[in-house]
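**Q** make a model of this:
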Amino acid sequence: MLIPRHIGPKYGNRVTVKQIARYLNGPGNGTAKPRSRLAFAFDIDGVLLRGKNSLPAAKEALSILDGNNKLGLKIPFILLTNGGGVSEEERCRKLSSQLDVQIHPDQFIQSHTVLKSIVHKYVDVPVLVLGGQGDTLRRVAEGYGFRKAYTTLDILNWNPSIWPFHDLTQEERASVRPADFSKIQFGAIFVFHDPRNWALDTQIMCDVIQGIIGGSHETNHTRKPVDLVFCNPDLIWQSDFEAPRMGQGAFRVAFQAVFQSLTGSTYPYIQFGKPTEATYNFAEIMLKHRLQGVPKSSLYMVGDNPESDIAGANTAGWKSILVHTGVYDPHRGPPSHQPTHQAEDVAEAVRWALEQEFC
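**A** Just a heads-up that it's a prediction; the model follows:
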């Protein structure tokens, strides 16, 4: 049996399950069901999945957390990803099927989930929602509480000459919401997920920010600046292709390059997603809720990207484990941010963390 290092000296080699329970739950709770002080946050792409398929070690790792360990202890976890593009409920249904374990929305954070914490500022403000396919993310935004969400396809449908290099498909036309955008002044642009048409979205973003769309009745001095929010800073991410692919961070860089060429300066923006403090604070609240108030908790982040997973966890004061199944390639040199530990895969990462906490 794995013996928590803190109780080994006190009880010697005769450590009982009841004594372990007392350690896990604190004084006076020796007869209570053991609860973990340990909790995990896992990235998804490159850690649990590769493209649409689960990685071999993923199901083993989740099985260990479900109680198939020497302590018989169920260990809380959440999934923390910079992915997105659909509702949390829809993604959890898909993940549950891919991983053969039930994933609930209250243990899942994707890049734009954190917008739920600021939606009260924009409930009745027209906002532009970018990314995803059709109006999928408009519906996600409305589910969060945004009542006046529009897409770049809505604007292109209003005036096709805005970007004459794209003709709306029949499916896209079915998804648009007709409106007169000469009379709609946007308060914010939210890049929920990776845009599918960088050129169209960059053009419309520049037009909205400069008041070319929706700002014809106000001067530059009276027009309120449009808030710009990106939800995922990842420059690259790991799909099932052999080399990493460009992510939303690459789109942000491209947009800023164009905007600077047009105006002489980049545009101020707010960044969410890993490794930002706001996203890790949001995740820590969710993890500690799942720990049910257990004191002196120990939080681990398991990820494949030093720039997002490891950097964010280190800054948040968590322990971090870098796996070798995704973005990071150990043959290309040391990681840009040093993790607490490196592991070949997620199952090895979980086993190592349990050994640190309970041996």
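
**Q** the stretch 251-359 of the chain: strands as residue ranges?
**A** Along the stretch 251-359 of the chain, counting by DSSP state E, counting those that start in this stretch, strands occupy 270-271, 298-303, 319-323, 341-343.

**Q** with distance to Phe181 as extra columns, can I get these in TSV?
**A** Every residue, glycine included, has its C-beta placed from N, CA and C. Below are the strands of the stretch 251-359 of the chain laid out as TSV (distance: least, Cβ to Cβ, whole Å):
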stretch	distance to Phe181
strand 270-271	23
strand 298-303	40
strand 319-323	45
strand 341-343	50
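
**Q** who wins for proximity to Gly83 among those strands?
**A** In terms of Cβ to Cβ, the element of the strands of the stretch 251-359 of the chain nearest to Gly83 is strand 298-303, at 12.5 Å.

**Q** out of the strands of the stretch 251-359 of the chain, flag the one nearest Val114.
**A** Across these, closest to Val114 is strand 270-271 (Cβ to Cβ), at 10.6 Å.

**Q** shaky segments in the stretch 251-359 of the chain?
**A** In the prediction, the stretch 251-359 of the chain carries no residues with pLDDT under 70.

**Q** helices of the chain, start to end?
**A** 8-11, 17-25, 56-65, 88-99, 136-144, 152-158, 170-175, 198-210, 248-263, 277-290, 311-316, 346-358 (DSSP state H).

**Q** now tabulate those in JSON lines and tack on distance to Thr340.
**A** JSON lines is the format used below for the helices of the chain (distance: least, Cβ to Cβ, whole Å):
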{"stretch": "helix 8-11", "distance to Thr340": "22"}
{"stretch": "helix 17-25", "distance to Thr340": "21"}
{"stretch": "helix 56-65", "distance to Thr340": "17"}
{"stretch": "helix 88-99", "distance to Thr340": "25"}
{"stretch": "helix 136-144", "distance to Thr340": "34"}
{"stretch": "helix 152-158", "distance to Thr340": "42"}
{"stretch": "helix 170-175", "distance to Thr340": "45"}
{"stretch": "helix 198-210", "distance to Thr340": "37"}
{"stretch": "helix 248-263", "distance to Thr340": "25"}
{"stretch": "helix 277-290", "distance to Thr340": "15"}
{"stretch": "helix 311-316", "distance to Thr340": "8"}
{"stretch": "helix 346-358", "distance to Thr340": "9"}
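
**Q** out of those, nearest to Val114?
**A** helix 277-290 (4.9 Å).

**Q** give me the contacts around the closest one.
**A** Applying Cβ atoms under 8 Å, 6 or more residues apart in numbering, the external contacts of helix 277-290 come out as 39, 41, 76-78, 80, 106-107, 109, 111, 113-114, 117, 272-274, 297, 299, 312-313, 315-316, 318.

**Q** do the same with stretch 259-267
**A** So stretch 259-267 is in contact with 205-206, 209-210, 228, 256, going by Cβ under 8 Å, 6+ apart.

**Q** who wins for proximity to Leu235 among the helices of the chain?
**A** So among the helices of the chain, helix 248-263 is nearest, using Cβ to Cβ, at 4.0 Å.

**Q** now the angle from the closest one to helix 198-210?
**A** Interaxial angle of helix 248-263 relative to helix 198-210 (axes from the mean of the first three to the mean of the last three Cα atoms, to 10 degrees): 50 degrees.

**Q** could I get the buried residue list for helix 248-263?
**A** Along helix 248-263, these residues count as buried under the neighbour rule (16 or more other Cβ atoms under 10 Å): 248-252, 254-256, 259.

**Q** just give me how far it sits from the chain centre.
**A** 22 Å (Cα atoms, centre = their mean, to the nearest Å).

**Q** the residue lying closest to Arg252 once chain neighbours are set aside: how many residues sit nearby?
**A** Distance criterion Cβ to Cβ, 6 or more residues apart in numbering; nearest residue to Arg252, sequence neighbours excluded, is Phe230 at 5.3 Å. Residues lying near Phe230 (other Cβ atoms under 10 Å) number 24.

**Q** one more: Asn68?
**A** 12.

**Q** ok, it to Val350 distance?
**A** 11 Å (Cβ to Cβ, to the nearest Å).

**Q** and for the two, which residues touch both?
**A** Counting by Cβ under 8 Å, 6+ apart, nothing touches both Asn68 and Val350.

**Q** give me the buried entries from the contacts of stretch 259-267.
**A** Judged by 16+ other Cβ under 10 Å, buried ones among those: 205-206, 209-210, 228, 256.
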